[in-house]
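S.K.: What follows is a predicted protein model with its sequence.
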Amino acid sequence: MKSPGERIPPKLHSTQEPASAAGLLQQARAHERVGAMLEAVQRYTAAIEAAEGTGERGVLAEALRRLGVVHHHRNEGDLARSLCQRSYETSLAIGDSVLAAEALNALAGFDFESGAIEQAREKFYRALELGGASAELRGRTEQNLGILANIQGALAEALAHYQRSLGAFESIADDRGCAIAYHNLGMVSADRELWDDADRYFHRSLEMAKAIGDVHLQGLGLLNHAEVHMARQHYEQARQNAEAALGIFDQVGSRLDKADAYKLIGRVYRETGRHALAESRLRSAVDLAVSTGSILSEAEASRELALLYQSMGRNQEALKLLNAAHRLFGRLDARVDLVDVSTKVLKLEETYFAVVREWGQSIESSDSYTYGHCERVADYALGVARELGLDEQQQTTIRIGAYLHDLGKVRVPHEVLNKPGSLTPEEFRVIQMHPVWGLELIATVEFPWDIKPIIRWHHEKYDGTGYPDRLKGDEIPVNAQIICIVDVFDALTTSRSYRGALTVADALGRMQECRAWWRPDIFEAFLRSIGRMSAAA
Ligand SMILES: [Fe+2]
Ligand SMILES: [Fe+2]
């Protein structure tokens, strides 16, 4: 959800400057409030020039900061920072601690949006210390601290900050402050799945935002309320809200918010089975996110689009997007310490597993005898990997490789796959193509995990008698050997078109006879792992 807290322009402070610079500042604010951004920039710039001429440093500090915030919304981060930094220094020079705190608040907001959470928190607390005497500033800073607590999952703490913030705004009858406080209370209620509370807060917020003519806040309120409608599966209402929000964001030129609105509309279409519409909206969301440079937004929109492709059976495309999103998160991780990034990465990896699992299972359905094969191979293989002490990354590789190892079997004719009795040499040659075909199917997909060797070589044998490349010894990657051994075990212990299932003991006996197929330590690790599993069963 979008958080408006860090974007709230404060009220004017009582300063005694001549009307002209202050008047320009007022005009600029009026333009900003109705979303006329070009005019707002013009007036702020004029106010700065006028104040510099007359030496009204209070007005100057204020105009600098507000112009900085506008540039921030227009995605001009460096300019935004330098304007707010100048505002901070100007305020300190004239000893106006409240104005200095305002500038800190804005700078903290930029830190927050770029994911530098701790820097943001430190600046917010410094702002509270400097300018806490102003109820208006206190209200807003408490709100921002609430937002920080919220994204870090400390919901009770967030609620307390928001309520303190609402109290501060009410004490000075600040309708706009109250509208935002209600908005945030709505969001924290939604996070706690208190839908009725969320509805109520969002309604209050929207009414107040309309009354004071704040279009951007109306847009955010509509969009976040749409999330509540989504959660309740009130899709049409969610879509209407998001479309209305989109119109508003279009008007105020906020591309990142537009990306979020498109994402929500796309989700509605996806959930209601309107695939073509869903695809076009989610594509727009990704494109807009890319154009604003928001990695987080791009990764999330990509994940939503991947879910659409998954539901349409377009698995290659789904995986391509998930891989891209995974890479984006990797970049983000190195750069910022946004705590909820790890939650988002987990969610992404869950989606990833769901896609590969489902894809793997779709192959099984064409081969009625191997139902559940991929899942079991994955379980057994992970057991062996752990026995061998392989790390998380390798375990993930093996798990995904296990789901997809037989992908190429989709090209093997059904009658060959399910043939009772023995195969002709020609049929056997067809079966032996499946590792190669599997690789062809994912040729254009760049995985974050090295699974291609597993797919190609899971039928290679240590003594050089396997296929398709007749690799020998350590030419065969360990991961592929692991899948190979558990694949054979699963084939022996389940019934097939050509024979019934063997007991575990019989299967292990058979495998002992051909132990030259696997590297000795892998064979031993396999035996230990099966022993452990049988003991646990
Ligand atoms: Fe296979
Ligand atoms: Fe297999």
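M.R.: Great, that's in hand. Numbering: from 1, shown residues only. Ligands and ions are numbered 1, 2, ... in the order given.
S.K.: Could you check how far Arg57 is from Glu129?
M.R.: Distance of Arg57 to Glu129, computed by CB to CB, to the nearest Å: 22 Å. To be clear about C-beta, it is placed using only N, CA and C from the backbone, and glycine gets the same treatment.
S.K.: Same drill for the two, tell me which one is more crowded.
M.R.: Applying other CB atoms under 10 Å to Arg57 and Glu129 shows that Arg57 carries more neighbours, namely 19 against 12.
S.K.: Which residue is the nearest non-sequential neighbour of that one?
M.R.: Closest residue to Arg57 apart from its sequence neighbours, by CB to CB, 6 or more residues apart in numbering: Ile94 at 4.9 Å.
S.K.: Lys409 now?
M.R.: Setting aside the residues directly before and after it, Lys409 is nearest to His434 in space (CB to CB, 6+ apart), at 4.9 Å.
S.K.: Let me see the backbone angles for that neighbour.
M.R.: phi -60, psi -30 (degrees, to the nearest 10).
S.K.: what does Arg499 give?
M.R.: Torsion angles at Arg499 (phi, psi; degrees, to the nearest 10) stand at phi -170, psi 170.
S.K.: Quick check: the residue nearest to Lys409 touching Val412?
M.R.: Yes - in this structure His434 lies within contact range of Val412 using CB atoms under 8 Å: 5.8 Å.
S.K.: who has more neighbours, those two?
M.R.: Between His434 and Val412, counting by other CB under 10 Å, His434 is the more crowded of the two (24 against 21).
S.K.: Next, the contact list for the more buried one, please.
M.R.: By CB atoms under 8 Å, 6 or more residues apart in numbering, the contact list for His434 reads 406-409, 411-412.
S.K.: Of those, which is the most crowded?
M.R.: In the contacts of His434, the most neighbours by other CB under 10 Å go to Asp406, 27 neighbours.
S.K.: Give me the nearest residue to it, chain neighbours excluded.
M.R.: Leaving aside its chain neighbours, Asp406 sits nearest to Ile363 (5.8 Å; criterion: CB to CB, 6+ apart).
S.K.: I'd guessed Phe249 sits against Asp257; true?
M.R.: Yes - counting by CB under 8 Å, Phe249 touches Asp257, with 4.2 Å between them.
S.K.: more crowded one of those two?
M.R.: Using other CB under 10 Å, the more surrounded residue of Phe249 and Asp257 is Phe249, with 27 against 24.
S.K.: For the host helix or strand of that one, C-alpha coordinates in PDB please.
M.R.: Under the criterion of DSSP states H and E, Phe249 resides in helix 235-252. C-alpha atoms of helix 235-252 as PDB (Å, rounded to 0.1, in the frame of the first residue of the first chain):
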ATOM      1  CA  TYR A 235     -13.800  -7.300  -7.500                       C
ATOM      2  CA  GLU A 236     -16.100  -4.800  -9.300                       C
ATOM      3  CA  GLN A 237     -15.900  -2.400  -6.500                       C
ATOM      4  CA  ALA A 238     -12.100  -2.800  -6.300                       C
ATOM      5  CA  ARG A 239     -11.800  -2.100 -10.000                       C
ATOM      6  CA  GLN A 240     -14.000   1.000  -9.900                       C
ATOM      7  CA  ASN A 241     -12.000   2.400  -7.000                       C
ATOM      8  CA  ALA A 242      -8.700   1.800  -8.800                       C
ATOM      9  CA  GLU A 243     -10.000   3.300 -12.100                       C
ATOM     10  CA  ALA A 244     -11.100   6.400 -10.200                       C
ATOM     11  CA  ALA A 245      -7.700   6.500  -8.500                       C
ATOM     12  CA  LEU A 246      -5.900   6.100 -11.900                       C
ATOM     13  CA  GLY A 247      -7.800   9.100 -13.300                       C
ATOM     14  CA  ILE A 248      -6.600  11.200 -10.300                       C
ATOM     15  CA  PHE A 249      -3.000  10.000 -10.600                       C
ATOM     16  CA  ASP A 250      -3.100  10.800 -14.300                       C
ATOM     17  CA  GLN A 251      -4.200  14.300 -13.500                       C
ATOM     18  CA  VAL A 252      -1.400  14.900 -10.900                       C
END
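S.K.: what is the mean pLDDT for it?
M.R.: In this model, helix 235-252 has a mean pLDDT of 96.
S.K.: got a list of contacts for that helix?
M.R.: 35, 37, 215-216, 218-220, 222-223, 225-227, 229-230, 255, 257-258, 261-262, 264-265, 268-269, 271-272.
S.K.: Packing partners of the helix or strand that comes right after it?
M.R.: Using DSSP H and E, the helix or strand that follows helix 235-252 towards the C-terminus is helix 255-271. Helices and strands touching helix 255-271, by 3 or more CB pairs under 8 Å, 6 or more residues apart in numbering; DSSP states H and E, are helix 215-231, helix 235-252, helix 275-292, helix 295-311.
S.K.: and ligand 2, which of those helices is closest to it?
M.R.: Closest to ligand 2 of the helices and strands packed on helix 255-271 is helix 295-311 (CB to the ion; 22.4 Å).
S.K.: Would you mark the buried spots in the helix or strand that the closest one is followed by?
M.R.: With elements assigned by DSSP H and E, the helix or strand that comes after helix 295-311 is helix 315-335. Neighbour-count burial for helix 315-335, counted by 16 or more other CB atoms under 10 Å, picks out 315, 317-326, 328-329, 332.
S.K.: From the contact count, pick out the helices and strands touching helix 315-335.
M.R.: By 3+ CB pairs under 8 Å, 6+ apart, helix 315-335 packs against helix 295-311, helix 339-364.
S.K.: hey, which of those helices is tucked in deepest?
M.R.: Greatest average neighbour count among these goes to helix 295-311 (a mean of 23), per mean count of other CB atoms under 10 Å.
S.K.: mind checking how far it is from the chain centre?
M.R.: 8 Å (CA atoms, centre = their mean, to the nearest Å).
S.K.: try stretch 179-196
M.R.: That offset, for stretch 179-196, works out to 21 Å (CA atoms, centre = their mean).
S.K.: Contacts only, for whatever residue of the stretch 201-350 of the chain ends up closest to ligand 2.
M.R.: Closest residue of the stretch 201-350 of the chain to ligand 2, CB to the ion: Asn315 (18.1 Å). For Asn315, the contact set (CB under 8 Å, 6+ apart) comprises 309, 355, 358-359, 362.
S.K.: farthest-separated two in these?
M.R.: In these, the most distant members under the criterion CB to CB are Tyr309 and Ser362, with 13.7 Å between them.
S.K.: re earlier: ok, which of the contacts of His434 also contact ligand 2?
M.R.: Asp406 (CB under 5 Å from the ion).
S.K.: Which of the contacts of His434 sits closest to ligand 2?
M.R.: Checking the contacts of His434 against ligand 2 with CB to the ion, the nearest one is Asp406 at 4.4 Å.
S.K.: Pull the contacting residues for that closest one.
M.R.: For Asp406, the contacting residues are 360, 363, 370, 373-374, 434, 438, by CB under 8 Å, 6+ apart.
S.K.: one step back: can you check which residues contact both of Phe249 and Asp257?
M.R.: 216, 219.
S.K.: about what we covered before: include distance to Ile151 when you put the helices and strands packed on helix 255-271 into CSV, please.
M.R.: Below are the helices and strands packed on helix 255-271 laid out as CSV (distance: least, CB to CB, whole Å):
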stretch, distance to Ile151
helix 215-231, 14
helix 235-252, 21
helix 275-292, 18
helix 295-311, 11
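S.K.: Let's have the ones you listed in CSV, adding distance to ligand 2.
M.R.: Compiled in CSV, the helices and strands packed on helix 255-271 are given as follows (distance: least, CB to the ion, whole Å):
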stretch, distance to ligand 2
helix 215-231, 39
helix 235-252, 40
helix 275-292, 32
helix 295-311, 22
